[in-house]
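*Asks:* Could you look at this predicted model? Sequence included:
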Protein chains: 4
Amino acid sequence: MNDEVFALATQLVSPSYVAQAQQARRARETKFKSLLAQRRLPDNGWDEGTLRLLLEELALMDSNAFIGNAGVGEREARIACPLVRSRHFGFGHGIGRSGDIAEEQPKAAGSSLLYKLTNFLAADAIKRAGALSVNVNCLVLPVATGMTVTLTMLALRAMRPAAKYVVWPRIDQKSCLKAVAAAGCTPLVVESLLEGDELRTNVPGVRARIEECTQCMKAIAAASKHGRLDAFIQSTDKNFLVPVGGAILASCSAEFGAALIAKVSATYPGRASIAPILDLFITLLHLGADGWASLLERRQRLLPIFRERLGALAASHGERLLVTPNNSISMAVTLTSGGGGRSVTAMGAQLWVRLISGARICAPDAKKKSVAGIAFTNYGSHCDAYPVAYFTAACALGATEEDLDLFLKRLDKTLKEWKKMKPLAAESPA
Amino acid sequence: MNDEVFALATQLVSPSYVAQAQQARRARETKFKSLLAQRRLPDNGWDEGTLRLLLEELALMDSNAFIGNAGVGEREARIACPLVRSRHFGFGHGIGRSGDIAEEQPKAAGSSLLYKLTNFLAADAIKRAGALSVNVNCLVLPVATGMTVTLTMLALRAMRPAAKYVVWPRIDQKSCLKAVAAAGCTPLVVESLLEGDELRTNVPGVRARIEECTQCMKAIAAASKHGRLDAFIQSTDKNFLVPVGGAILASCSAEFGAALIAKVSATYPGRASIAPILDLFITLLHLGADGWASLLERRQRLLPIFRERLGALAASHGERLLVTPNNSISMAVTLTSGGGGRSVTAMGAQLWVRLISGARICAPDAKKKSVAGIAFTNYGSHCDAYPVAYFTAACALGATEEDLDLFLKRLDKTLKEWKKMKPLAAESPA
Amino acid sequence: MNDEVFALATQLVSPSYVAQAQQARRARETKFKSLLAQRRLPDNGWDEGTLRLLLEELALMDSNAFIGNAGVGEREARIACPLVRSRHFGFGHGIGRSGDIAEEQPKAAGSSLLYKLTNFLAADAIKRAGALSVNVNCLVLPVATGMTVTLTMLALRAMRPAAKYVVWPRIDQKSCLKAVAAAGCTPLVVESLLEGDELRTNVPGVRARIEECTQCMKAIAAASKHGRLDAFIQSTDKNFLVPVGGAILASCSAEFGAALIAKVSATYPGRASIAPILDLFITLLHLGADGWASLLERRQRLLPIFRERLGALAASHGERLLVTPNNSISMAVTLTSGGGGRSVTAMGAQLWVRLISGARICAPDAKKKSVAGIAFTNYGSHCDAYPVAYFTAACALGATEEDLDLFLKRLDKTLKEWKKMKPLAAESPA
Amino acid sequence: MNDEVFALATQLVSPSYVAQAQQARRARETKFKSLLAQRRLPDNGWDEGTLRLLLEELALMDSNAFIGNAGVGEREARIACPLVRSRHFGFGHGIGRSGDIAEEQPKAAGSSLLYKLTNFLAADAIKRAGALSVNVNCLVLPVATGMTVTLTMLALRAMRPAAKYVVWPRIDQKSCLKAVAAAGCTPLVVESLLEGDELRTNVPGVRARIEECTQCMKAIAAASKHGRLDAFIQSTDKNFLVPVGGAILASCSAEFGAALIAKVSATYPGRASIAPILDLFITLLHLGADGWASLLERRQRLLPIFRERLGALAASHGERLLVTPNNSISMAVTLTSGGGGRSVTAMGAQLWVRLISGARICAPDAKKKSVAGIAFTNYGSHCDAYPVAYFTAACALGATEEDLDLFLKRLDKTLKEWKKMKPLAAESPA
């Protein structure tokens, strides 16, 4: 409501009350102004009222919301079902154009503005999370991590058409390999090194592989200098607590970052869903810098507690917490005995039945498995022969001490049973 | 978003697109301005985007939404459950003050403004519905019809403390009588006159009763001149298609209307729920003058069709539609035979089982019943002895031809069965 | 989804995953079952998913939601605007019937069930709040406190038609007096006693008044024995953190409670809005017994802190906290000097401008004021002559330490200015 | 609510009312059952109540909604912002697994079920739209058309690693070309043929190109037989009126369809957003077979009217409607004179200012433009030299006669001005 409307309101409600409401309104406009001018997380998370107001305002900037708009194109953001419209706040045009996902959409000034702001907010959040002083370039993509890796691979391929290989430190996550394969590249696997309990990236191995490639392909010799693009991809769900669906391609490289991001953005063919963008936008404003900091801080604070309590529980059952000081998210506990001869994977089912989700069992074996055309030994354990079976648990962003309590209580029970389990009876003859 | 914010937006999105969005934004401000300046139904119903924007804006005018508000009163519109807050758009202060329901609430400029506007919109809607040229005064109350009648009675009592009686043309609706009784008054029943099939208000009877009263109570002789206050009360649910919960007290009387309404408003002790007000406000803006006109027009158009088709169906079963030309909402069909000797009320259950709701069975009998302390014969039929049993159906606002089709199809089946029904077997001895 | 649907789901999704989902579904059905069987607050607050599911289920029990319902009554819960429908989860029939607000509505089994449950939940919450061992009877009314007092008065009047007077220990809240007056009764004011800083109810005075009345009115002599009905009325907004709009009439009296409540319920003429009921229902399930206990406990814990810090601040400005040990919600601070000769009420405006809402200024004077026909001296201060001016602040349910911090910071500034304020200059001659 | 809960309800509400509610509940369970058993569009669109109930039920099948779930994985569908959670009905896990987008997600039985059902519903809708008797295989992808083309290209490449070329009948839509290029393939452009006003696919040209390729690449000779995969991709927004963000890959080919779809599904690396799936699911159930049919029918009916009226308007301004009988969506009007010598593209801006969106201006010129590495003449006009300038308008799904009226009115004004436009004055010397 603008000043004229407020002036009219004083004919119905006392001017002093209207004046105060108007002042409150201005405080909100100031928040909007700061957001557009500073393009970073607000110091404090926004209240829902301010957030909703901005969303309504942005949605009303798109042409499908214009009163009296006559749409005669094929794509006019018509939405058949009111339930669908309302859950998208009226946004219907998606983001991007045929040319480029980051290009503004002429029919959708609001959506375009929202997208640009989200990219800035995400960059600021990443900067704060890493306490970085350098600039971060960000492109939030409305596809999850794997697909974002594929897109990045496709962009890289277009940038270096002769390139065929991707040097890949082994990590047994199908999406990675498939993303590389989907882009038509061949992964060159570099096995990790076992240091104590911990699998570490084999950096000399990676370097060797790169050199080896370089030898093979004189044509792209120059490119090898660009070996470090310093780009990283992260999922929005794990890192910003939104529904699965988006990922962020970010780069701190002053030299290569912007170019790579522009290429990926231009590689995305056509428009895309605004949904994962919108989720991130809302969440970042909802959190603000303080909410974001406290979310990170809580995880940080919980991590040693989690480790200590899980270690103690493991010890009480004759197992031990693997020593993996370089992994600040997941931890693992050995599974050396119990189960009455059953495969340790059977314990996974028991955890699941007890409503523990996300604990993964790694049971080394010598089986071969082919993923994306590459043969692996002991796939799922990240290396050919890890010395011991174990299960993992993560101290992820958003986890609470209550989650931990619940988990440990149930794990205790499950381990107790597992240890006591009797062997499966041999089937009796008929 | 004000002009400064739009200006900042042009640094992120093309100025020409932003300019168009800004123009669209202004079109909405113009709607807000017209609403506050003209205080009548907009010519066309508002789109949901505009409506939501206004609701957000109004809710943010209340002190509980002010950023940084420090509330130390007992009543600060704190809302515990997010689901509750969101369904009220953040409105929490209700309407009114201890002094008067129509008084503005200092902590809630937005709610107060919304309430004032709703009263104006309701007055305009009533004026349009009746094609009235005179001014209409309106007070929308967040209590349903019966309670509104009670409040009005209480206000009238306070205006004329010596008054004891309410002359009441019989209509067998408990709420009416109870409202009168609740206000501590005594109803003087005037039976209706049967003209053909139709029960008509006995106007001379009413006049006689008033004179009679006047004789009894010299003290209020003067007041009798005020016999016609021309105030009427209508429910918001039946007349404006909102959930049950509100009613409108309206008056066209230039002489007495404003005073009565002010008195009722001042009689309401304390604050009240904004919910039924909000529903009406949203609905009237959603409909607009055109939507409202077409809703009225559709009912008008459907009425003769409804009558004709119901009459034809009745005739095909040997019954007839009662001739009640002065009732423009409900119609009735005789029930002269069938049921195998069962009471005609048994047919009601059969309609109900067939998912026909709202058809009421009137079966005259000579039973006495006391309602609110008054003895009635044949209560429920609006008169001591209606000559025939019948059931009713209404062509209410919002009804569609599809409703009618469905009803007639099922009624046809039910009547067929009813006519063929065998007598209940006498219980056989054990 | 029933077992058949889950069975079909196993043809699309692995049976083990479906089985777990089905088990989760059963856990929710168990919650529903407990609610209906035990009719008290769940031990833990419900998650939003469970709550929404129950609301959807209840709303679908009303006839307007039946697939294929043919409504031909006047009141078929048609809702014109989708936004309105959705904010009420589809509930449209309100509660009650013409006979009684607590009577079930045949067209609305879901609404009726919800209302009954709400009354039980409210009774349980009140019992827990007071740690009562006796049974509590409750009627939640969809009208705010003042109107509920009026209704109760009307019911009492109907129960004792000859009664004329209401003995009323003075408390300067307009709603109270107006509610009594609206019911056509005459309040007999009993001034409070000043004990130290504190105004206490003059119990002997109340007793004397009752006896006096008894002398006057032989006819209701018997009734005097019923002097203690032990019924109390409380607003739902202040006491349960929902939007303004409802109140609870409760009684612990085994002898008179049920009868009074039934009478009030039967006094309410006609249907009523379900909105305030729905808000309370949702909130109580959202809180659960644990959430409710911790809300009460937080206020209890905050109270001495609030008192101490406010007292210290008052002292630092040469004022003092009034000693009112029997008031466990509000506290008051003297205002003995400052303002440069301005009336102390002027300080109220300054607090308001600083976004402090709810602090009330009481400035004793000898003015006469008539409220609901009764002449008062020094109205607003609860007694004819309170010795000192003061302002109040409340430690209300839902208040947080952050609210307190904010309040004290701003109060400090305001008092500083107030103390330093220069006298208003005499107007200079032209 | 199961039978036990209903039984308990009868202790609070009359058994007959509860019984009817229970029957209504069963009618809804029957709808759920049919949906899972028949896996096709319901005959009639579902009411919002039924739809919401199913969504709540499905969302509660996911592990993040389980009461008492202890999530210790990295991905536990935690959602930070309530506004985000609520707009997704609580769904948080996305769809798919690292292996395959169509694979079920163990933590999310509800999401997985919803996705499978959506694929079936989409197939049924496509079948009905084309009145097909053959079976249709469908994969709904949560990425828009362009990205879906890319994914399909990547899958095809993986299926035929030696393939390099994509024979591409020219259509000047960047997404197409970019999708092909993104997948690392080379498009072989086949120019269209001008037949009358109409550009038609040069089928012999396409055939020739394929043969030519075949000659080039002996290695994939066999594959050429597979020339017709009969797979088609369509956007969900244009074809099903949901927000931009999804596309459907469909195939009627009994021989190759399933394999191609499985490959594309397996090519998608990792999980993906459920948002576009959810939108389509909701919309298809909202529409039902009847709503879908009437949507298609309305467009069909509007098409000749649109053509006739646009043609008449064109004629009245001395222009003509191009004769393009094979295009059943878009139509075009020549722009032969006017504009005072300005480029015809200038008329686009004028339409835009008049709030006409979607009308595209095609002004043939001889300019060269490179898209995705291919040089085009006269890009944007779909052929090297279209004989006349024109603008287009579409009679798209969801368009109404009101849209047409509005468009024609404004177009009339715009053309009038365009025809009268004075030449731009030559700049006067300083």
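*Replies:* That came in fine, so what should we check first?

*Asks:* which element is the residue in the stretch 151-300 of chain A that chain C sits nearest to on?
*Replies:* Closest residue of the stretch 151-300 of chain A to chain C, CB to the nearest CB: residue A:290 (12.9 Å). (C-beta placed from N, C-alpha, C; glycine too.) Per DSSP states H and E, residue A:290 falls inside helix A:275-316.

*Asks:* helix, strand or coil for residue A:49?
*Replies:* Three-state assignment for residue A:49 (DSSP: H, G, I helix; E, B strand; the rest coil): helix.

*Asks:* That one is in contact with residue B:65, isn't it?
*Replies:* Yes. Taking contacts as CB atoms under 8 Å, residue A:49 lies within contact range of residue B:65: 5.1 Å.

*Asks:* more crowded one of the two?
*Replies:* Per other CB atoms under 10 Å in any protein chain shown, whichever of residue A:49 and residue B:65 has more neighbours is residue B:65, with 26 against 22.

*Asks:* contacting residues around that one?
*Replies:* A:24, A:47, A:49, B:59, B:90, B:110 (CB atoms under 8 Å, 6 or more residues apart in numbering or on different chains).

*Asks:* Now render these as JSON lines, adding pLDDT and distance to chain D.
*Replies:* Below are the contacts of residue B:65 laid out as JSON lines (pLDDT from 0 to 100; distance: CB to the nearest CB, whole Å):
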{"residue": "A:24", "pLDDT": "93", "distance to chain D": "21"}
{"residue": "A:47", "pLDDT": "94", "distance to chain D": "11"}
{"residue": "A:49", "pLDDT": "93", "distance to chain D": "11"}
{"residue": "B:59", "pLDDT": "95", "distance to chain D": "15"}
{"residue": "B:90", "pLDDT": "92", "distance to chain D": "13"}
{"residue": "B:110", "pLDDT": "95", "distance to chain D": "21"}
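
*Asks:* Filter those residues down to just the buried residues.
*Replies:* Among the contacts of residue B:65, those classed as buried by 16 or more other CB atoms under 10 Å in any protein chain shown are A:24, A:47, A:49, B:59, B:90, B:110.

*Asks:* which pair in the contacts of residue B:65 spans the largest distance?
*Replies:* Pairwise distances across the contacts of residue B:65 peak at 15.1 Å for A:47 and B:110 (criterion: CB to CB).

*Asks:* now the residue of the stretch 151-300 of chain A closest to chain C, nearest residue through space, not along the chain?
*Replies:* Spatial nearest neighbour of residue A:290, excluding adjacent residues (CB to CB, 6 or more residues apart in numbering or on different chains): residue A:44 at 5.3 Å.

*Asks:* Can you give me the distance of the one you found to residue C:278?
*Replies:* 32 Å (CB to CB, to the nearest Å).

*Asks:* ok, these two, which is more surrounded?
*Replies:* Legend: neighbour count by other CB under 10 Å for residue A:44 and residue C:278, higher for residue C:278 (29 against 13).

*Asks:* what sits against that one?
*Replies:* Counting by CB under 8 Å, 6+ apart, residue C:278 makes contact with C:88, C:89, C:91, C:114.

*Asks:* Give the burial count for the second one, as a bare number.
*Replies:* This points to residue C:89. 22.

*Asks:* what's the answer for the third one, then?
*Replies:* Residue C:91 is surrounded by 29 other residues when neighbours are defined as other CB under 10 Å.

*Asks:* Would you agree it is in contact with residue C:274?
*Replies:* Yes. With contact defined as CB under 8 Å, residue C:91 and residue C:274 form a contacting pair (5.3 Å).

*Asks:* Quickly list what's touching both of those two.
*Replies:* Joint contacts of residue C:91 and residue C:274 (CB under 8 Å, 6+ apart) are B:243, C:111, C:114.

*Asks:* any idea how far the second one lies from residue D:183?
*Replies:* Applying CB to CB, one obtains 57 Å for the distance of residue C:111 from residue D:183.

*Asks:* Could you check which of those two is surrounded by more residues?
*Replies:* Neighbours per residue (other CB under 10 Å) separate residue C:111 from residue D:183, with residue C:111 holding more: 30 against 23.

*Asks:* who are the neighbours in contact with residue A:104?
*Replies:* A:97, A:112, A:116, B:13, B:14, B:17.

*Asks:* Repeat that for residue A:247.
*Replies:* A:140, A:141, A:143, A:144, A:145, A:147, A:148, A:233, A:234, A:235, A:236 are the contacts of residue A:247 under CB under 8 Å, 6+ apart.

*Asks:* Using CSV, lay out these together with secondary structure, pLDDT and neighbour count.
*Replies:* CSV is the format used below for the contacts of residue A:247 (DSSP: H, G, I helix; E, B strand; the rest coil; pLDDT from 0 to 100; neighbours: other CB atoms under 10 Å in any protein chain shown):
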residue, secondary structure, pLDDT, neighbour count
A:140, strand, 93, 26
A:141, strand, 92, 26
A:143, coil, 90, 27
A:144, coil, 87, 30
A:145, helix, 87, 28
A:147, helix, 89, 30
A:148, helix, 90, 27
A:233, strand, 88, 19
A:234, strand, 88, 18
A:235, strand, 88, 24
A:236, helix, 92, 27
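
*Asks:* Spatially nearest residue to whichever residue of chain A sits closest to chain C (excluding sequence neighbours)?
*Replies:* Here chain A gets closest to chain C at one residue, residue A:82, 5.4 Å apart by CB to the nearest CB. Among residues not flanking residue A:82 along the chain, residue C:82 sits closest, at 5.4 Å (CB to CB, 6+ apart).
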